[in-house]
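Enquirer: With the sequence up front, the predicted model follows.
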Amino acid sequence: MLIVLKRELYEGSWADMLCDLQARLEGRPYIFKLAHRIVDDIQRIEKLRSFEKQADVDLSDYIHLESSEQDTK
């Protein structure tokens, strides 16, 4: 899911996604469960980002979403 969000909402940028999550995490008031999930997602993003760098790949290149055009056929 994080890879899809990176591609679809943050134009393929882990940095933009991390900045957004950090901003949400630091906002007041916030729900503890949501804050815990954001911390977990930030850790997952760091792992995915590291893997992409080491493997010299963009994992979002391997995500294929059905377009709305295909849904209407």
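Expert: Great, that's in hand. Numbers count the residues shown, from 1 in each chain.
Enquirer: For Trp12, list the residues it contacts.
Expert: Not Trp; residue 12 is Gly. 6, 58, 60 (CB atoms under 8 Å, 6 or more residues apart in numbering). For every residue, glycine as well, the C-beta is placed using N, CA and C.
Enquirer: ok, now with 10 Å
Expert: 3, 6, 58-61 (CB atoms under 10 Å, 6 or more residues apart in numbering).
Enquirer: tally of neighbours for Leu21?
Expert: By the measure other CB atoms under 10 Å, the count of residues near Leu21 is 16.
Enquirer: Check which helix or strand it maps to.
Expert: helix 14-26 (DSSP states H and E).
Enquirer: which element follows that helix toward the C-terminus?
Expert: Following helix 14-26 in sequence order, the next helix or strand is helix 32-55 (DSSP H and E).
Enquirer: For that next one, list every residue counted as buried.
Expert: Neighbour-count burial for helix 32-55, counted by 16 or more other CB atoms under 10 Å, picks out 38, 41, 45, 48-49, 52.
Enquirer: quick one: Asp16 from Leu65, how far?
Expert: 19 Å (CB to CB, to the nearest Å).
Enquirer: least confident pick among the contacts of Gly12?
Expert: Ranked by pLDDT, the contacts of Gly12 bottom out at Lys6, which has 84.
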